[in-house]
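J.: sequence and predicted model, in that order:
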Amino acid sequence: MKKPDLGDVLPSAHPNTDTLSLLRLRRSTTAGCLGEPGPDADTLADLLEIAARVPDHRRVTPFRFIVFQNDARRKFGDVLEKVFRMNEPDAGDEKAAFEGDRFLRAPVVIGVVSSVNKAHRTPEWEQILSCGAVCQNLLIATSAYGFGAQWLTEWYSFDEAVGDALQLGDDERIAGFVYIGTAKEEPKERGRPDMAQIVSYY
């Protein structure tokens, strides 16, 4: 599909029952149930471009991506294992090795980084919400392409040493890691909110 050029007139709505069905049935596939194949280079590039097409007040672009695939997953796993051993010296080799293998659970892992520009007049909270929308867009686009995915944080998203290894800036933090691959088994439905408890009319 041709990408729109700057200034092109775009439709205000996209009636599509397939999209509504996807949104009603969207379900994460746990990282442990993902395997090969993952998205190829062209598909991955398209996924990232779709993910970045989110509401972004004043075009701050308060997010960026770090892609882990192939040997980079193991290389970063070495970082995770080292930091884990530093944090938990009594945990043992088996547990440390488990932590080092986390990024091997899926063919592709995308780190979504919240990059807040505190000097910008767009409120910080709006910038953070925009980054959250990026993660959701990525999950939806991944499903539409036929892959399973899970958005996770886990301990390493909040660890300072891991952040240093990822060269996060002072106002950056991990919004999550999105694991992408082919589902080895279909996920089951989980409990959903009771709409009567969360909807009110002013």
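T.: Perfect, thanks for sending it. Residues are numbered from 1 along each chain as shown.
J.: from here on, contacts and neighbour counts on C-alpha atoms
T.: Noted.
J.: tell me where the protein has strands.
T.: Remark: strands assigned in the chain by DSSP state E are 34-35, 63-69, 108-115, 148-152, 172-183.
J.: CSV please, covering those strands and showing mean pLDDT, mean neighbour count and distance to residue 45.
T.: Converted to CSV, the strands of the chain look like this (pLDDT from 0 to 100; neighbours: other C-alpha atoms under 10 Å; distance: least, C-alpha to C-alpha, whole Å):
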stretch, mean pLDDT, mean neighbour count, distance to residue 45
strand 34-35, 98, 22, 20
strand 63-69, 98, 17, 10
strand 108-115, 98, 24, 12
strand 148-152, 98, 24, 16
strand 172-183, 98, 23, 13
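J.: for residue 3, find the nearest of those strands.
T.: Of all these, strand 63-69 sits nearest to residue 3, with 20.4 Å by C-alpha to C-alpha.
J.: what score does residue 2 have for pLDDT?
T.: Predicted confidence (pLDDT) for residue 2: 79.
J.: counting neighbours, what do you get for it?
T.: 4 (other C-alpha atoms under 10 Å).
J.: can you tell me the closest non-neighbouring residue to the spatially most central residue of the chain?
T.: The residue lying closest to the centre of the chain (C-alpha atoms, centre = their mean) is residue 178, at 3.3 Å. Spatially, and ignoring its direct neighbours in sequence, residue 178 is nearest to residue 151 (4.4 Å; C-alpha to C-alpha, 6 or more residues apart in numbering).
J.: can you show me the helices along this protein?
T.: 17-25, 41-51, 71-87, 93-100, 124-144, 160-165, 195-198 (DSSP state H).
J.: deepest-packed of these, please.
T.: Among the helices of the chain, ranked by average contacts under mean count of other C-alpha atoms under 10 Å, first place goes to helix 124-144 (a mean of 20).
J.: and residue 157, how far from residue 6?
T.: 35 Å (C-alpha to C-alpha, to the nearest Å).
J.: what about these two, which has more around it?
T.: Set side by side, residue 157 and residue 6 show more neighbours around residue 157, with 17 against 6, by other C-alpha under 10 Å.
J.: what residues does stretch 22-36 touch?
T.: 105-107, 139-140, 143-144, 148-151, 179-187, 189 (C-alpha atoms under 8 Å, 6 or more residues apart in numbering).
J.: still on that earlier bit, quick one: closest of the helices of the chain to residue 171.
T.: helix 124-144 (10.4 Å).
J.: need the CA coordinates for that closest one. PDB is fine.
T.: This file holds the C-alpha atoms of helix 124-144, laid out as PDB (Å, rounded to 0.1, in the frame of the first residue of the first chain):
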ATOM      1  CA  GLU A 124       4.700  14.900  30.000                       C
ATOM      2  CA  TRP A 125       1.600  12.800  30.700                       C
ATOM      3  CA  GLU A 126       0.500  13.200  27.100                       C
ATOM      4  CA  GLN A 127       3.900  12.200  25.800                       C
ATOM      5  CA  ILE A 128       3.800   9.100  28.000                       C
ATOM      6  CA  LEU A 129       0.300   8.100  26.800                       C
ATOM      7  CA  SER A 130       1.500   8.500  23.200                       C
ATOM      8  CA  CYS A 131       4.200   6.000  23.800                       C
ATOM      9  CA  GLY A 132       1.700   3.600  25.300                       C
ATOM     10  CA  ALA A 133      -0.400   3.900  22.100                       C
ATOM     11  CA  VAL A 134       2.700   2.900  20.200                       C
ATOM     12  CA  CYS A 135       2.900  -0.400  22.000                       C
ATOM     13  CA  GLN A 136      -0.800  -1.100  21.400                       C
ATOM     14  CA  ASN A 137      -0.500  -0.200  17.700                       C
ATOM     15  CA  LEU A 138       2.400  -2.600  17.500                       C
ATOM     16  CA  LEU A 139       0.300  -5.400  19.000                       C
ATOM     17  CA  ILE A 140      -2.600  -4.800  16.700                       C
ATOM     18  CA  ALA A 141      -0.400  -4.500  13.600                       C
ATOM     19  CA  THR A 142       1.500  -7.700  14.500                       C
ATOM     20  CA  SER A 143      -1.800  -9.600  14.900                       C
ATOM     21  CA  ALA A 144      -3.000  -8.300  11.500                       C
END
